[in-house]
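1. Fold the stuff below for me.
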Amino acid sequence: MTHKWHRTDFRVPYKDTDRMGVVHHGNYITWFENARTECMRYYDLTYREVEQSGFLLPVLDVNVTYKKSAFYDDCVAVFARVASYSPVRLKFAYEARKITEKDFMYTTESKTKAVEPFGQLLAEGTTMHMWVNQEWKPARIDKAAPEIYAVIQNTI
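-> Numbering: from 1, shown residues only. Next up, the predicted model:
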């Protein structure tokens, strides 16, 4: 079963570009993090709540494939979704896409509902995370915090 995509929009800030006027490759990882945070928030699961529950979700692996350049002031949508999960790991998938001004300005529920990615693909990638406790020991989230695990299961 495919998990739902969540959309996060922004304009490329000048600070994210290099001397050539192109978005620096490292910024896509930050964009992915922002989209992941907003995706989790959409499902009423914030990093703050996870940490207050005694768990951390460090990144184990990051993968980015670049397809096309983005430039200052481009309208970008980063789509994020849970790609897979288990009681100890959580993998997110991302697509950064250039969208039109019209799509960017469209402010109805389409920005907050799960949607299929659209626009010109700029980069795609994944991040793999592991649930750990405050002592950085692996944690089985299904046993230690079943309410958090249930939220993840409901992102399908």
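
2. C-alpha only now, for contacts and for neighbours.
-> Fine.

3. Give the helix, strand or coil label for the residue nearest the centre of the chain.
-> Central residue of the chain (C-alpha atoms, centre = their mean): residue 36, 2.5 Å from the mean position. Following DSSP: H, G, I helix; E, B strand; the rest coil, we place residue 36 in the helix state.

4. in this structure, which spans are strands?
-> Secondary structure of the chain by DSSP state E: the strands cover 6-11, 55-56, 59-66, 75-85, 89-98, 120-130, 132-133.

5. Take the ones you listed and lay them out in CSV including distance to residue 27 and mean neighbour count.
-> Converted to CSV, the strands of the chain look like this (distance: least, C-alpha to C-alpha, whole Å; neighbours: other C-alpha atoms under 10 Å):
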stretch, distance to residue 27, mean neighbour count
strand 6-11, 13, 21
strand 55-56, 23, 23
strand 59-66, 11, 13
strand 75-85, 12, 24
strand 89-98, 11, 24
strand 120-130, 11, 20
strand 132-133, 26, 18
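
6. Turn the ones you listed into a markdown table, columns for distance to residue 48 and mean pLDDT.
-> A markdown table is the format used below for the strands of the chain (distance: least, C-alpha to C-alpha, whole Å; pLDDT from 0 to 100):
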| stretch | distance to residue 48 | mean pLDDT |
| --- | --- | --- |
| strand 6-11 | 19 | 93 |
| strand 55-56 | 10 | 96 |
| strand 59-66 | 16 | 98 |
| strand 75-85 | 19 | 95 |
| strand 89-98 | 17 | 97 |
| strand 120-130 | 16 | 98 |
| strand 132-133 | 14 | 96 |
